[in-house]
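# Structure of the sequence below:
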Amino acid sequence: MQDRGEELTLLGGKTVYKQDYAPEVLESFVNKHPERDYWVRFVCPEFTALCPITSQPDFATLYIDYIPDVQMVESKSLKLYLFSFRSHGAFHEDCVNIIMNDLIALMNPKYIEVTGDFLPRGGISIHPYCNYGRPGTKYETLAEERLAQHNRR
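Sure, this is the predicted structure:
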């Protein structure tokens, strides 16, 4: 993962796709509006990972929502990072947690949540959700509330 003070290196250059899980491709840039709370949403309708047992591909639409603080994730680096899961074996629940943990390490957001809308395999679809709010702040309370209300039917 890129240090917060470095320049972005992926934009405008040749795209190189990693063949396995590659958190080091993630890059961040400075948020120009850290004084304001606002949501950023990424939707990846072509997320793919491999089942760690059968090596069969699992397909999902992945949703990443966050409230930035000082740093933000650069979108091309995020795309390349998510692409690196295509040959990586991980259960659905593990994928969303790994992604959230890597993004927290990269940008230390005020709040973040990751949802996977995985297509059915064997007649069952899985929709894992995880979130994080910065401890000791209103964002921790937001995380607790959103988790408690998640997918209420």
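# Low-confidence ranges, the chain, go.
The chain contains residues with pLDDT under 70 at 1-6, 8-13, 152-153.
# ok, which stretches of it are helices?
Secondary structure of the chain (DSSP state H): helices at 75-83, 92-107, 138-149.
# Looking at the ones you listed, spot the one closest to residue 118.
The minimum distance between residue 118 and the helices of the chain falls on helix 92-107, with 5.0 Å, by CB to CB. Every residue, glycine included, has its C-beta placed from N, CA and C.
# and that closest one, how far from the chain's centre?
Here helix 92-107 is found 5 Å from its chain centre; the criterion is CA atoms, centre = their mean, to the nearest Å.
# Now that helix: buried residues?
92, 95-100, 102-103, 106-107 (16 or more other CB atoms under 10 Å).
# ok, and what's touching it?
The contact list for helix 92-107 (CB atoms under 8 Å, 6 or more residues apart in numbering) reads 1-2, 21, 23, 26, 28, 47, 49, 58, 60, 62, 64, 66, 68-73, 81-82, 85, 90, 109, 112-116, 118, 126, 128-132.
# How about stretch 132-143?
With contact meaning CB under 8 Å, 6+ apart, stretch 132-143 is reached by 67, 69, 100, 104, 108-113, 131, 144.
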